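> sequence and predicted structure below; questions after.
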Amino acid sequence: MRTLVLLCALLIGSTKASTLTPYQLAFEQDKWQWLAEQLASDTELSNTEKLQWQARIQLANNRAGQVVELLGPSLDANSPDAELWYLAAMAKLQLAQSSSIFSKASHAKQGLAWLQQANLRAPDRLDILTTLIGFYRQAPAIVGGDDEKADVFMHELEKKSPVHAVVLQAGLLLPDHAQQALVLLEQQPQPQQARWQGAMAQVRLALKQPEVAFSHYQQAAALETDLSDQQGYLYQLGRLAATEQQDLQIGAEALQRYLQFYQDSQHPRLDWAKLRLAEVLLRQQRPQASELLGSLKAGEDKKFNAELKRVKKLLNS
């Protein structure tokens, strides 16, 4: 259950860059403050649309409890909007992952029930279908996990989108069965699909093959048309350049694009991207690396603080 929501969020891309509305672009860029201000003054959006955006923002900021409080009154047997049911389900599944052992089961069961309602209303939505499969495959039977149902819905997914199906199957095998995931992906090669390339990269990383993973991330970033997914691939290129001695120029350019995309936003990984870029630049342009490191401060993230301390030592060595 722990990786369910994250896995499904990574598997399903959002709106293509060429068709993004201003709200969608701001959401992709994590510009929460701008979005909140616009929503407060927007008189053209329907109440349902406003609820959807408010819930997406809260969910993206790990405020699942607030999402449930926000959407709960709108959910009943006559509620036709699949997106509201889906967002509420995702919130409940997030709560199931983060709550105490005494409430995990009730959150998970409610999440499944709402997810089923979303699927009934929008059976062709791949994000809903993929999340449902992930739940049935990963959750304990006591809260609704069911391999037979997972197989049924996987068959539906294979008919709708073979690449989504094989990537999901491979993802569910990680990290413990990376070799099986590799065989599965190689048996159904789709090298022109960014999603397949990204999955291959994840598998190669699990197999401790960073050089091969780096190549797959390059291809994924070049092929991807979804902005947020593309940024994820760019970040991985930079991270591997910094930590696994991959191509420094490609890594630096990838991180610079990443930082430009999330400029003036509330993106939670901005400092990590700056730190990785500084680490790359240490081997190329030490003055710029020093300037970047000087802009970073220790915070509540102990892992980040340790990495920041390590890279600063490298600068002074």
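It's in.
> contacting residues for the residue nearest to residue 252 when sequence neighbours are not counted?
Spatially, and ignoring its direct neighbours in sequence, residue 252 is nearest to residue 280 (4.9 Å; Cβ to Cβ, 6 or more residues apart in numbering). All C-beta spots, glycine's among them, are computed from the backbone N, C-alpha and C. Taking Cβ atoms under 8 Å, 6 or more residues apart in numbering, we find residue 280 in contact with 238, 241-242, 248, 251-252, 255.
> same check, this time on residue 284
Residue 284 is in contact with 248-249, 252, counting by Cβ under 8 Å, 6+ apart.
> hmm, try it at 7 Å
By Cβ atoms under 7 Å, 6 or more residues apart in numbering, residue 284 lies in contact with 248, 252.
> quick one: it from residue 48, how far?
The gap separating residue 284 from residue 48 is 50 Å, by Cβ to Cβ, to the nearest Å.
> cool, residue 155 as well?
32 Å.
> what of residue 210?
As for residue 210, its distance to residue 48 is 45 Å (criterion: Cβ to Cβ).
> neighbour-wise, which of these two wins?
Between residue 210 and residue 48, residue 210 has the larger neighbour count (other Cβ atoms under 10 Å), namely 19 against 14.
> quick check: residue 88 touching residue 69?
No - the pair residue 88 and residue 69 fails to qualify as a contact (Cβ atoms under 7 Å) at a distance of 10.2 Å.
> between these two, tell me which one has more neighbours.
Set residue 88 next to residue 69 and count neighbours by other Cβ under 10 Å: residue 88 wins out with 28 against 12.
> now do the strand or helix carrying the more buried one: distance to the chain's middle.
Residue 88 is located in helix 82-98, with elements delineated by DSSP states H and E. Computed by Cα atoms, centre = their mean, to the nearest Å, the chain-centroid distance of helix 82-98 equals 15 Å.
> in PDB, list the C-alpha atoms belonging to it.
C-alpha atoms of helix 82-98 as PDB (Å, rounded to 0.1, in the frame of the first residue of the first chain):
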ATOM      1  CA  ALA A  82     -16.000  10.900 -11.700                       C
ATOM      2  CA  GLU A  83     -13.100  13.400 -11.000                       C
ATOM      3  CA  LEU A  84     -14.600  14.300  -7.500                       C
ATOM      4  CA  TRP A  85     -14.900  10.600  -6.600                       C
ATOM      5  CA  TYR A  86     -11.300  10.000  -7.900                       C
ATOM      6  CA  LEU A  87      -9.800  12.900  -6.000                       C
ATOM      7  CA  ALA A  88     -11.600  11.800  -2.800                       C
ATOM      8  CA  ALA A  89     -10.400   8.200  -3.300                       C
ATOM      9  CA  MET A  90      -6.800   9.400  -3.800                       C
ATOM     10  CA  ALA A  91      -7.100  11.400  -0.600                       C
ATOM     11  CA  LYS A  92      -8.300   8.400   1.400                       C
ATOM     12  CA  LEU A  93      -5.500   6.200   0.000                       C
ATOM     13  CA  GLN A  94      -3.000   8.800   0.900                       C
ATOM     14  CA  LEU A  95      -4.500   8.800   4.500                       C
ATOM     15  CA  ALA A  96      -4.200   5.000   4.500                       C
ATOM     16  CA  GLN A  97      -0.500   5.300   3.900                       C
ATOM     17  CA  SER A  98       0.200   7.900   6.500                       C
END
